[in-house]
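Asks: Would you be able to build a 3D model of this:
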Amino acid sequence: MRFSKGKASKQYSPRGRICTYMSEVIMDILGLPESLTKLTADDSKQIKIFSGRANPLLSKEIAKELGLELGKIKIKPFSDGELYVQIQESVRGCEVFLIQPTNTPVNENLVELLIIIDALRRASAKTINVVMPYFGYARQDRKAAGREPITSKLVAKLIGEAGADRVLCLDLHSEQIIGFFDTLVDHVRAMPVLNDYIRRFIGLDNLVIVSPDVGGVSRARAYAKRLGDAPIAIVDKRRSYDEQNVIEVMNVIGDVEGKIAIIVDDLVDTAGTVCKAAELIRSKGALKVYACATHGVLSGPAYERIEASTIEEFIICDSIPLNPVWIQSKKMKQVSVAPFLAEAIRRIFTGDSVSGLFD
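Replies: Prediction:
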């Protein structure tokens with residue numbers, strides 16, 4: 001394992017592929033078990049991989065990991081904004097995996113997903129497996145005030161009604177969303193990938209794992225358990241329900257003094273919470289503060305906040321494509337979940353255990 005400065009080159013390690021972020025390259029795969037599932041030549045004839053337009057780079061990397069080409073599909077907007085979709089190869093009797101996160105623009109990517117599912121169903125695909133590296137509307141999973149919708153349940157029902165047989169999700173905001181689906185759901189976590197990065201490039205000495213809110217305590221415990229039973233701390237935040245993305249007050253529960261703190265979360269949007277938490281943790285005596293999250297939504301003032309923060313490194317996965325402005329970032333590190341999701345797809349297709357990825 002080594003870093004290579006400069007532009008990413010098309011070199012491969014003995015185990016697979018490069019994992020790039022910004023101007024740095026890691027020559028290895030993160031978070032995978034030693035023994036990987038294999039697809040036979042006959043399997044390759046029965047499985048098809050298609051992609052929407054939400055994250056084409058990740059889709060190509062997943063297909064490459066599977067040793068397959070992306071299926072041919074035409075997606076073209078009409079002049080009034082409506083979408084035209086045509087599957088341009090036969091999928092009759094095939095197991096189809098459709099890769100489409102619902103990141104920004106959320107509504108456009110969601111409708112595109114539903115239309116592609118319908119096109120595949122009408123093309124007589126045997127099964128339609130939707131791979132959602134990022135599930136938009138996941139934060140609207142409950143009623144926090146009167147007369148509010150539960151939009152994540154609505155989206156789950158739309159996906160099922162469109163014709164999906166199974167959904168593969170990566171790090172849902174809350175596990176109750178699994179129950180919103182009437183279809184089969186495989187829920188995988190990027191924790192093995194991020195934990196592998198922490199072990200190799202930050203180290204296990206003097207760590208404390210920090211949850212940025214009370215709701216993320218179980219996530220922090222899971223990380224800590226796999227990182228040498230590190231202690232945990234919790235940032236108690238009080239959010240304003242009168243104004244979105246606004247935090248009113250924060251306190252730290254637990255000891256962070258003299259430690260290397262790692263804030264773990266499932267997603268970061270405007271980065272207000274994580275940057276304030278990092279500042280608070282440093283003020284309590286932490287030596288360094290790192291942050292990692294599966295999904296980098298990174299909207300609004302996120303870039304300015306992270307670059308001006310006390311965070312040493314911000315590690316995210318490539319479930320959502322990064323805005324080009326992040327190429328300039330000295331703090332942002334991006335690791336790929338393509339090999340991880342490819343292995344999950346192989347296991348779904350062959351009938352092997354997906355939960356075995358976390359053993």
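
Asks: what's in contact with the lengthiest helix in the chain?
Replies: Among the segments of the chain that qualify as a helix by DSSP state H, the longest is helix 106-122. Residues outside helix 106-122 that contact it (C-beta atoms under 8 Å, 6 or more residues apart in numbering) are 50, 52-54, 73, 75, 83, 85-87, 91, 96, 98, 100-103, 128, 130, 136-137, 155, 158-159, 162-164. C-betas here are computed from N, CA, C, even on glycine.

Asks: Narrow these to those in helices?
Replies: Counting by DSSP H, the members of the contacts of helix 106-122 that fall within helices are 155, 158, 159, 162.

Asks: Could you dump those residues into CSV with pLDDT and neighbour count added?
Replies: As requested, those are exported to CSV (pLDDT from 0 to 100; neighbours: other C-beta atoms under 10 Å):
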residue, pLDDT, neighbour count
155, 98, 24
158, 98, 15
159, 98, 24
162, 98, 19
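
Asks: CA atoms of stretch 331-339 as CSV?
Replies: Taking C-alpha atoms only, stretch 331-339 is exported to CSV below (Å, rounded to 0.1, in the frame of the first residue of the first chain):
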residue,chain,number,x,y,z
LYS,A,331,-8.6,18.0,3.1
MET,A,332,-11.1,15.9,1.0
LYS,A,333,-10.2,12.3,0.5
GLN,A,334,-12.5,10.0,-1.5
VAL,A,335,-12.4,6.2,-1.5
SER,A,336,-14.3,4.0,-3.8
VAL,A,337,-17.1,1.6,-2.9
ALA,A,338,-17.2,0.1,-6.5
PRO,A,339,-15.3,-3.1,-5.6
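
Asks: hmm, back to that, tell me which of the contacts of helix 106-122 fall in strands.
Replies: Secondary structure of the contacts of helix 106-122 is defined by DSSP state E; positions in strands are 50, 73, 75, 83, 85, 86, 87, 96, 98, 128, 130.

Asks: If any of the residues you listed are buried, put those into a ChimeraX selection.
Replies: To isolate the buried members of those in ChimeraX, using 16 or more other C-beta atoms under 10 Å:
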select :50,73,83,85,87,96,98,128,130
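
Asks: model confidence over stretch 229-241, on average?
Replies: Looking at stretch 229-241 alone, the average pLDDT works out to 84.

Asks: Do a quick rundown of the strands in the stretch 101-250 of the chain.
Replies: Counting by DSSP state E, counting those that start in this stretch, residue ranges of the strands within the stretch 101-250 of the chain are 127-132, 166-170, 184-188, 207-211, 232-239, 247-253.

Asks: Can you convert these into CSV and add a column each for distance to residue 141?
Replies: What follows is these, written out as CSV (distance: least, C-beta to C-beta, whole Å):
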stretch, distance to residue 141
strand 127-132, 15
strand 166-170, 13
strand 184-188, 14
strand 207-211, 18
strand 232-239, 15
strand 247-253, 19
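
Asks: Isn't residue 181 up against residue 158?
Replies: No - here residue 181 lies out of contact with residue 158, judged by C-beta atoms under 8 Å, at a distance of 10.5 Å.

Asks: Between all of the ones in helices among the contacts of helix 106-122, which two are separated the most?
Replies: Greatest spacing in the ones in helices among the contacts of helix 106-122, by C-beta to C-beta: 155 and 162 (10.7 Å).

Asks: if I read this right, residue 176 contacts residue 141, doesn't it?
Replies: Yes - taking contact to mean C-beta under 8 Å, the distance of 6.2 Å between residue 176 and residue 141 places them in contact.

Asks: Who has more neighbours out of these two?
Replies: Counted by other C-beta atoms under 10 Å, residue 176 and residue 141 do not tie: residue 141 has more neighbours, with 19 against 13.

Asks: ok, now how distant is that one from residue 179?
Replies: 10 Å (C-beta to C-beta, to the nearest Å).

Asks: give the contact list for the residue nearest to residue 217 when sequence neighbours are not counted.
Replies: Of all residues not flanking residue 217 in the chain, residue 211 sits nearest, at 5.0 Å (C-beta to C-beta, 6 or more residues apart in numbering). The contact partners of residue 211, taken as C-beta under 8 Å, 6+ apart, are 217, 219, 220, 232, 233, 234, 235, 263, 264, 265.

Asks: try it again with 6 Å
Replies: Applying C-beta atoms under 6 Å, 6 or more residues apart in numbering, one finds that residue 211 lies in contact with 217, 220, 234.

Asks: And for residue 337?
Replies: Contact analysis of residue 337 by C-beta under 6 Å, 6+ apart lists 190, 193, 317.
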